[in-house]
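In: no sequence for this one, just the structure:
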């Protein structure tokens, strides 16, 4: 679950709904910025599906007593999260091996600095998966694969930019992850400057003009769960009884 806390409520977004935005972002990315358009459709599928591991976990939010808000994707209990990562990757692999390879690389990037034994075991298992998938894809272009991996990370970050920021936020008020732009995006253009985005209004954001083929909408689905409802009936029931809402954010070139 992605959560943005306000004074009186929690804005709660399912991970798979956030991934839908990632897919829309990748679909509108200009493939001319890549070495080739080979496997571009697979990269789009990976973006749409990369968080399907969370479909079951996000059905019922769980309260985090330590933080005083529901568990989010960043602090969810590690063993459960890793177990569902594997389930999601297995499901993607059954449909599209190249997409599964991209998503495996994406998940492994979360744990590259970890010394936790469970994370290390996950990395080892996914290294085996990645080697197996590469053997199934004999024509694989490692440089293009790296570009698709960075594109997946970028689409994930830009979607999170929309989800975690208050609409219309000024640069100084943005979520700290994005104040300096989106990392690892220098491979898409000349120079080493990161891509950046900013809010123009509460319904529009702007990003470097060369990145996309056209302006496009991002329909963000969410629930606003009132804190007083959580106090009265608990987080699970409060979430269940809250209504679905949608906000459309226009990405401008």
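Out: Done, it's in. None of these values were measured; they are calculated from a predicted model.
In: Now residue 106. Nearest residue, chain neighbours left out?
Out: Across the structure, with C-beta to C-beta, 6 or more residues apart in numbering as the measure, the residue nearest residue 106 apart from its sequence neighbours is residue 152 (5.4 Å). Just so you know, the C-beta spots here come from the backbone N, C-alpha and C atoms, and that holds for glycine as well.
In: residues in contact with the one you found?
Out: Contact partners of residue 152, counting by C-beta atoms under 8 Å, 6 or more residues apart in numbering, are 22, 26, 43, 46, 47, 50, 102, 103, 105, 106.
In: and it, what helix or strand is that in?
Out: helix 142-164 (DSSP states H and E).
In: Could you list the buried residues of that helix?
Out: Of all the residues in helix 142-164, those buried under the rule 16 or more other C-beta atoms under 10 Å are 144-145, 147-164.
In: Mean confidence (pLDDT) on that helix, please.
Out: Averaging the model's pLDDT scores along helix 142-164 yields 96.
In: now swap in stretch 183-201 and tell me
Out: Average pLDDT, stretch 183-201: 78.
In: start to end distance for that stretch?
Out: The stretch stretch 183-201 measures 24 Å between its terminal residues, going by C-alpha to C-alpha, to the nearest Å.
In: Quickly run through the sheet partners of the host helix or strand of residue 198, with directions.
Out: According to DSSP H and E, residue 198 maps onto strand 197-199. Counting by DSSP bridges, the strands paired with strand 197-199 are strand 204-207 (antiparallel).
In: Please pull up the helix or strand immediately following the strand it pairs with.
Out: Using DSSP H and E, the helix or strand that directly follows strand 204-207 along the chain is strand 216-226.
In: That next one: which residues count as buried?
Out: Taking 16+ other C-beta under 10 Å as the basis for neighbour counts, the residues of strand 216-226 that come out buried are 218, 220, 222, 223, 225.
In: Name the nearest of those residues relative to residue 18.
Out: residue 220 (8.3 Å; C-beta to C-beta).
In: What sits closest to that closest one if chain neighbours are left out?
Out: Here the nearest residue to residue 220 in space, its sequence neighbours aside, is residue 247; by C-beta to C-beta, 6+ apart that works out to 4.8 Å.
In: Now for that neighbour, how many residues are close by?
Out: For residue 247, the tally of surrounding residues (other C-beta atoms under 10 Å) stands at 14.
In: again, but for residue 229
Out: Residue 229 has 17 nearby residues by other C-beta under 10 Å.
In: Same question for residue 65.
Out: Other residues near residue 65 come to 5 when the count uses other C-beta under 10 Å.
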